[in-house]
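Colleague: only geometry, no sequence info:
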């Protein structure tokens, strides 16, 4: 279904089917009102930048589509399939293309609660085996490629367990359901302290979260929500230094001095326009990692088709 057609259909139900927006007190509650076998398709674009000083030293762009289908719906939960397809990347490097499209035709089955809040990846073993098989095929196709062993190790870590997959390997899914399950009031910030996954190994990081309702569009039955996640700087710096030292020792090289790692920051900003049915229309997430004058930025846009 085309994006325009989808929005027209949603508008037909604006006044009768959904009651998430309450203009009397300027609140919205993000709930998924989804039916079994309902399906929407989204285009995803991921832009990655590395900036050193004032120069952009790397820019990569990945595009793919995902079909999201409500496989089952009960009073307490939704079971949802994410099907990945049509991967493309702006590069002439065939190996990089294949690595970035490793999830082509992969299905991820997740479960949410009755509000649409993410709970778990149901078929994590299937996902784990799918990635493992794909990496083995790449290894046979590019047997002499330098650094392939390290890449295998990194991918293995990201898909090593159910928890690893849920915390580090499905960032687009986490972004999609980021705001579901909570009530927001216009002009009022919600704040919380939580834990963020530590992909370097070790204890999770302390993380500060802020979320707020930025705009309510009653006529079109949608609204814009924004959130920010910031990881504890001291914990991030300590974990990064420990990881660098361990990696340097394995490679037989001298690790950097402790004071060379400073001003480390990890900040995630998310903004989503969500329809009253609980389907996001457009969502953008920007993750910024700062190391002194070095900045890594990853932006992901998810847009309904």
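Modeller: Received the coordinates, thanks. Because the structure is a prediction, the values reported are computed rather than measured. Numbers count the residues shown, from 1 in each chain.
Colleague: per-residue confidence at residue 38?
Modeller: As predicted, residue 38 sits at a pLDDT of 97.
Colleague: What count of nearby residues applies to it?
Modeller: 17 (other C-beta atoms under 10 Å). Where you see a C-beta, it was placed from the backbone N, CA and C, and this is true even at glycine.
Colleague: which SSE is the closest residue to it other than its chain neighbours in?
Modeller: Residue nearest to residue 38 in three dimensions, not counting chain neighbours: residue 70, with 4.6 Å by C-beta to C-beta, 6 or more residues apart in numbering. In this structure, residue 70 sits in strand 55-73 according to DSSP states H and E.
Colleague: which strands and helices sit next to that strand?
Modeller: The contact analysis (3 or more C-beta pairs under 8 Å, 6 or more residues apart in numbering; DSSP states H and E) places strand 55-73 against strand 39-52, strand 77-89.
Colleague: tell me how far the first one is from the chain's mean position?
Modeller: In this case it means strand 39-52. The chain centroid and the centroid of strand 39-52 are separated by 10 Å under C-alpha atoms, centre = their mean, to the nearest Å.
Colleague: outside of it, which residues touch it?
Modeller: With contact meaning C-beta atoms under 8 Å, 6 or more residues apart in numbering, strand 39-52 is reached by 1, 6, 56-70, 172, 279, 293-305.
Colleague: Repeat that for the shortest one.
Modeller: Among residues not part of strand 77-89, those counted as contacts by C-beta under 8 Å, 6+ apart are 32, 34, 60-73, 96-97, 100-101, 103-114, 116, 119, 122, 173.
Colleague: in its sheet, what does that strand sit against?
Modeller: In the sheet, strand 77-89 lines up against strand 55-73 (antiparallel), strand 107-113 (antiparallel) (DSSP bridges).
Colleague: Okay, angle between the first one and strand 39-52 too, please.
Modeller: By that I understand strand 55-73. When axes from the mean of the first three to the mean of the last three C-alpha atoms, to 10 degrees is applied, the directions of strand 55-73 and strand 39-52 differ by 160 degrees.
Colleague: that older thread, and the strand holding residue 70, which residues are buried?
Modeller: Residues of strand 55-73 classed as buried: 62, 63, 64, 66, 68, 69, 70, 71, 73 (neighbour count, 16 or more other C-beta atoms under 10 Å).
Colleague: least reliable of the strands paired with strand 77-89 going by mean pLDDT?
Modeller: Of all those, strand 55-73 has the smallest average pLDDT, which comes to a mean of 92.
Colleague: what's the offset of that one from the middle of its chain?
Modeller: 9 Å.
Colleague: try stretch 127-137
Modeller: With C-alpha atoms, centre = their mean, you get 21 Å for stretch 127-137.
Colleague: Give me the contact list for that stretch.
Modeller: Residues outside stretch 127-137 that contact it (C-beta under 8 Å, 6+ apart): 102, 103, 106, 108, 121, 152, 155, 156, 159, 160, 165, 169.
Colleague: Quick check: which of the residues you listed has the minimum pLDDT.
Modeller: residue 152 (73).
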